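Peer 1: Need a 3D model of the following:
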Amino acid sequence: MGSPPPKPGSLRARKRQETLERIAETGLRLFSRHGYEATTLDAIAEAAGISRRTFFYYFKSKEEILLDWQMRGFGAALRKAVLAQPEGKVPVEAVRDALLALSTGFRTREFISIDRVMRSSETLKARKQAAYGLHEQALHAALIERWPDPVRSAPLRLVAMASLGAMRLAIEAWIQADGDRPVDAFLRAAFAGLTAEFCAPSR
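Peer 2: Just a heads-up that it's a prediction; the model follows:
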């Protein structure tokens, strides 16, 4: 006998996800091509092959497309990557190697182009900073899951904060260099500096 047909709920969920991703990718492409302010909701809906009403079923505003791009699956992907690290690594090494694994999925031109759009508005910059707070929470939760000793919760939060700070500095340096080298080179340098300071003798 063949495989049973997919449950209606899962099929609907898959189609909904496909539509959401199509709208988001269309919006990002138009933002990159025409600029954020010059791109209208109607233009996104038309290019994505949906109605304006359908757009609002998935996103409340243009801004949410950018936030979706920044947040899309990152917390879940980072958790999975941290938990997949082999035994024997200290937390900061596990986070570094998890981020290095995820960095292979960065598409240089798209990332740099959309990041510049995010920096073009004070509102978008503020929302971008808030997203980093959510990333920190997700990373802290993953570290607690990996090292569940309650005594380590506060130190692991410090690891999450410092590691994401290193990631941000690495990405900023990568973007300033216009992506002339792979992002993993910048991540390695940032984490090398971080661990060097953690282990440096007092002066």
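Peer 1: phi, psi of Pro182?
Peer 2: phi -60, psi 150 (degrees, to the nearest 10).
Peer 1: burial of it, as a residue count?
Peer 2: 14 (other Cβ atoms under 10 Å). Bear in mind the C-beta positions are built from the backbone N, C-alpha and C, glycine included.
Peer 1: host element of the closest residue to Gln85 other than its chain neighbours?
Peer 2: Here the nearest residue to Gln85 in space, its sequence neighbours aside, is Ala94; by Cβ to Cβ, 6 or more residues apart in numbering that works out to 4.2 Å. Using DSSP states H and E, the element containing Ala94 is helix 91-103.
Peer 1: which residue packs closest to the one residue sitting closest to the centre of the chain, ignoring adjacent ones?
Peer 2: For the chain, the residue nearest the mean C-alpha position is Phe74 (4.0 Å; Cα atoms, centre = their mean). Nearest residue to Phe74 in three dimensions, chain neighbours excluded: His135, at 6.3 Å (Cβ to Cβ, 6+ apart).
Peer 1: element containing the one you found?
Peer 2: helix 122-146.
Peer 1: now the very next helix or strand once past that helix and helix 91-103, what's the angle there?
Peer 2: Using DSSP H and E, the helix or strand that follows helix 122-146 in sequence is helix 153-176. Angle, helix 153-176 to helix 91-103, by axes from the mean of the first three to the mean of the last three Cα atoms, to 10 degrees: 40 degrees.
Peer 1: on contacts alone, who are the packing partners of helix 153-176?
Peer 2: Based on contacts counted as 3 or more Cβ pairs under 8 Å, 6 or more residues apart in numbering; DSSP states H and E, the elements that helix 153-176 packs against are helix 91-103, helix 108-118, helix 122-146, helix 183-199.
Peer 1: Return the most buried member of these.
Peer 2: helix 91-103 (a mean of 20; mean count of other Cβ atoms under 10 Å).
Peer 1: if we can go back for a sec, okay, the angle between the helix holding His135 and helix 153-176?
Peer 2: Going by the same axes, to 10 degrees, helix 122-146 makes 140 degrees with helix 153-176.
Peer 1: returning to that earlier point: nearest approach to Glu37 belongs to which of the helices and strands packed on helix 153-176?
Peer 2: Nearest to Glu37 among these is helix 108-118 (9.5 Å), distances taken as Cβ to Cβ.
Peer 1: residues in contact with Ala190?
Peer 2: Ala166, Met167, Leu169, Ala170, Ala173 (Cβ atoms under 8 Å, 6 or more residues apart in numbering).
Peer 1: phi, psi of Gly35?
Peer 2: According to degrees, to the nearest 10, Gly35 has phi 100, psi 150.
Peer 1: same deal with Glu64?
Peer 2: Residue torsions, per degrees, to the nearest 10, at Glu64 are phi -70, psi -30.
Peer 1: what does Gln85 give?
Peer 2: Given degrees, to the nearest 10, the pair of backbone angles that Gln85 has is phi -70, psi 140.
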